[in-house]
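S.K.: show me the folded form of this:
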Amino acid sequence: MEKQYTTADRLRYLMEKRSLKQTDILAASKPFCKKYDIKLSKSDLSQFVSGKVKPGQEKMTILALTLNVSEAWLLGLDVPMERQQELPSNVTAVEFFQKIPLVGQIACGTPILAEENITDYVDVPGHIRADYALTCKGDSMINAGIRDGDIVYIRQQAQVENGQIAAIMVGQDEATLKRVYMENGVVTLNAENSAYTPKVFVGEEANQIHVLGLAVAFLHHLV
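M.R.: Next comes the predicted model:
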């Protein structure tokens, strides 16, 4: 006799396959919960994963949207997991997207004031580990493929290796995206456009430069 799967089985399978924690699922579900005015609590999810409680229709829908899987599959039925229509043989679907906050704008060129409030939520493929995203402005990083209006995914961390592209806070309220070099107390921020000269900070000025996070990926719109 074939095994009969439950929603708890499906949830645990996805968590193991995608290296997800319950907190990851809850965080990714927030935009959907807000959109449909449905509350999904930590206690709810814990009981769903343990199998003590089966999700009702509304919360099942939220979980399916969050995990980008078919509701029928999540119910435990023997149907395809994917929500997408059949794709061409040379195209591979991204299995899981998560929602991360889009924070203000970041300057590529002349720095602009950094807006520390969340303006929206954006999708990021589950295999990319990022904490938030920023919208780039300007053309100073164009030779790295990053253009005006692109969305850059940032992994929050206080240090990066020399030569890596990072979101940098200059002073108290100016943020910029640059290739970073730090050596012997000197901080150099390099653009990826020959029209912009490197910015060098020494002494007390260097102490005002803070790494916000590492740029791990970016989204570029063709049109």
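S.K.: just checking, next helix/strand downstream of the lowest-mean-pLDDT helix or strand in the chain?
M.R.: Every helix and strand in the chain was compared by mean pLDDT, DSSP states H and E; the lowest is strand 112-113, with a mean of 40. For strand 112-113, the following helix or strand on the C-terminal side (DSSP states H and E) is strand 118-125.
S.K.: from residue 199, how far off is residue 72?
M.R.: 55 Å (Cβ to Cβ, to the nearest Å). Backbone N, C-alpha and C define where each C-beta goes, glycine included.
S.K.: more crowded one of the two?
M.R.: Remark: of residue 72 and residue 199, residue 199 carries more neighbours, 17 against 14, as counted by other Cβ atoms under 10 Å.
S.K.: show me the contacts for the residue nearest to residue 159 when sequence neighbours are not counted.
M.R.: Closest residue to residue 159 apart from its sequence neighbours, by Cβ to Cβ, 6 or more residues apart in numbering: residue 211 at 5.9 Å. Listed by Cβ atoms under 8 Å, 6 or more residues apart in numbering, the contact partners of residue 211 are 157, 158, 159, 160, 166, 167, 168, 169, 180.
S.K.: and the residues you listed, which are buried?
M.R.: Neighbour counting by 16 or more other Cβ atoms under 10 Å classes 160, 166, 167, 168, 169, 180 among those as buried.
S.K.: what secondary structure does residue 211 sit in?
M.R.: What DSSP: H, G, I helix; E, B strand; the rest coil gives for residue 211 is strand.
S.K.: in the buried ones among the contacts of residue 211, find the pair that's most separated.
M.R.: Pairwise distances among the buried ones among the contacts of residue 211 were taken by Cβ to Cβ; the largest, 12.9 Å, belongs to 160 and 169.
S.K.: circling back to that earlier point, give me the lowest-pLDDT entry from the contacts of residue 211.
M.R.: Within these, pLDDT reaches its minimum at residue 169, with 83.
S.K.: now name the helix or strand holding that one.
M.R.: Assigned by DSSP H and E, residue 169 belongs to strand 165-170.
S.K.: what comes into contact with that strand?
M.R.: 106, 111, 114, 134, 141, 144, 146, 152, 154, 160, 175-180, 189, 192, 208-215.
S.K.: of those residues, buried ones?
M.R.: 106, 111, 114, 134, 141, 144, 146, 152, 154, 160, 175-180, 189, 192, 209, 211-215.
S.K.: longest helix in the protein, please.
M.R.: When the chain is scanned for its longest helix (criterion: DSSP state H), the result is helix 22-36.
S.K.: and the angle from it to strand 118-125?
M.R.: Inter-element angle recorded for helix 22-36 and strand 118-125: 120 degrees (by axes from the mean of the first three to the mean of the last three Cα atoms, to 10 degrees).
S.K.: C-terminal to helix 22-36, what's the next element?
M.R.: Later in the chain than helix 22-36, the nearest helix or strand by DSSP H and E is helix 42-50.
S.K.: what about the next helix or strand after that next one, distance to the chain center?
M.R.: Going down the chain from helix 42-50, the next helix or strand is helix 57-67, by DSSP H and E. Here the centre of helix 57-67 is set off from its chain's centre by 20 Å, with Cα atoms, centre = their mean, to the nearest Å.
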